[in-house]
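# Quick one, fold the following:
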Amino acid sequence: MKSDWLGKNGIAWLLFLLTTLLPEGGLAWSEHPLISHPVISSLAEVRDAKMVSAESLEAFLSAEGKRLEKILAEEETWARTNLAWYPPLPDSLTFRAEGGPDDLRRRFCHAIRVNPAVKFPLYLQLIPGEEQAGKPLLLPAAISFLRDTSDWDSTTFVGLKAGAMVRPLDVAVSATDEPDLLGLDIGLFTDNNTDFGKTYGFGRQPFGNPNLEYGSQAPFHMGFYHESPIIFYFAGFLKKTYPEYRIRLYKRLAQFAFESGHPYWGWRFTGMGLHYLADLAQPYHARALPGVSAPYAIWINTLDMLGIGGPKADAVQLVSNRHTALEKFVQIILQRAYRQEETGHPILAALRSADAAPPYGDAVPRQVVAKQASERAEETDRILEECMPRQFVSDTAFEIGTSPERRQIVERMMAEKGRTAIDRQILWVRELLLPFASNAKSYVRAIINNPIRPVRP
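Numbering: from 1, shown residues only. I've put the predicted structure just below:
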């Protein structure tokens, strides 16, 4: 039996660490199209696919509502059977096609348990340097309800009209950012101060900071499947993560959309699912405390309980800063590669040329992508410490997440560590992303080669 110190206080220290480790954005990769475009565009069956007609979500739901009832019911059964920590969908939220057309989208959002404020607008998110081709520019505020859209300050969005013909590649790539940009997973827990969070059945937020705008999405974008036994002993709540649920759900919705004659939504759901697969390739989303061993974490918490709080505060700050530094480095490096048309950039070239993994299965997110990211977490932390500017990753008095200096991370690396450090960091990022690239290609092929035959009502 756990002592009170090992039980309540042990959980308290880990919960505190996890709550404060997440940077405000809580993102794995800023601007997902930067990494998804070379992966998806390398698939001839996507790149060369016929253009599709943009379609509102309401039109899709209205046309296929009855059959969608059965697909979602099957998915609910699968999740209850296969995901140990899955909280069942309350019966009152089960999708029903009957009802007024005005709240059809809301009923769908409730059934798949995403934020009902999401409008699912018709738009495209362009990669840097891509021409808008006469389409109207949109501000992030026209697409997202988020208060802070600063991660997309330099991103170009264009609007679409229903019926507009668009390339499947563009639809899928744009959708890979939607879980972050649209805020699909924000406010879903009972302590998130939302009406829907109180009814969705997920309970209290297991980790992450519920008071931060992005903080509440953490359990859907992180998968701590491979922690040490001592971490799980103290903090079983770390098992309450849901990326597998999202990846499988959007895969099935995509297959159904293709087979039922709605290819626009087939490609869009495909992109949404790829977002979570990419998140699991980020070591700071697959391990709770990279660079902080469990014994050391317990020791610094003991000191904190004795009134010596400095060591724990320092550990929290360093892990948070390194998470953000990796995210910002990848975003800036790839933005510049696109704008300068560096088609041979090591990361972009590797993502394009990665061989597809064996046929995709539901165990891949946990047992392949997240496992490899977890195994590389300590090395990732060490390389960041050695290659990044000291202030960004080793100064406990510095907060990179709110500092304008983060936008000059590459220049600061060059000045302090030289080109060799930049190149080394690029090559390591390439290695981190390869499991995503290979398995993403298999995920896409599993969708387009195995559509679900619609169940007739």
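# The nearest residue to residue 57 once chain neighbours are set aside in helix, strand or coil?
Closest residue to residue 57 apart from its sequence neighbours, by Cβ to Cβ, 6 or more residues apart in numbering: residue 120 at 4.3 Å. Every C-beta, even on glycine, is put in place using the N, C-alpha and C of the backbone. Going by DSSP: H, G, I helix; E, B strand; the rest coil, the secondary structure assigned to residue 120 is coil.
# i'd like the first residue to be 351 from this point on
In the new count, where the first residue is 351, that last one comes out as residue 470.
# separation between residue 470 and residue 494?
11 Å (Cβ to Cβ, to the nearest Å).
# which residues do these two both contact?
In terms of Cβ atoms under 8 Å, 6 or more residues apart in numbering, residue 470 and residue 494 are both contacted by the residues residue 532.
# so where's the stretch 551-700 of the chain shaky on pLDDT?
Residues of the stretch 551-700 of the chain that meet the criterion pLDDT under 70 lie in 559-562, 584, 643-644, 647-649, 651-652, 654, 659-661.
# That one: helices as residue ranges?
Taking DSSP state H, counting those that start in this stretch as the criterion, the stretch 551-700 of the chain carries its helices at 568-571, 579-584, 593-609, 613-629, 633-636, 644-655, 660-689, 696-703.
# can you tell me which of the ones you listed comes nearest to residue 417?
helix 593-609 (7.5 Å; Cβ to Cβ).
# re the thing from before, out of the helices of the stretch 551-700 of the chain, nearest to residue 790?
helix 613-629 (5.4 Å).
# If you count contacts, what does that closest one end up packed against?
Packing contacts for helix 613-629, counted by 3 or more Cβ pairs under 8 Å, 6 or more residues apart in numbering; DSSP states H and E, involve helix 383-391, strand 402-403, helix 407-432, helix 518-525, helix 528, helix 568-571, helix 593-609, helix 769-798.
# same thing but 6 Å
Applying 3 or more Cβ pairs under 6 Å, 6 or more residues apart in numbering; DSSP states H and E, one finds that helix 613-629 makes contact with helix 518-525, helix 593-609, helix 769-798.
# Can you tell me which of the ones you listed is most buried?
The highest mean neighbour count among these, using mean count of other Cβ atoms under 10 Å, belongs to helix 518-525: a mean of 26.
# Now do that one: which elements does it pack against?
Here helix 518-525 touches helix 383-391, helix 394-397, strand 473-476, helix 613-629, going by 3+ Cβ pairs under 6 Å, 6+ apart.
# and the nearest residue to residue 480 once chain neighbours are set aside, what are its bridge partners?
Excluding the flanking residues, the one nearest residue 480 by Cβ to Cβ, 6+ apart is residue 506, at 7.2 Å. With DSSP bridges as the criterion, residue 506 is bridged to residue 476.
# so how far is residue 474 from residue 506?
Per Cβ to Cβ, residue 506 is found 9 Å from residue 474.
# Much appreciated, bye for now.
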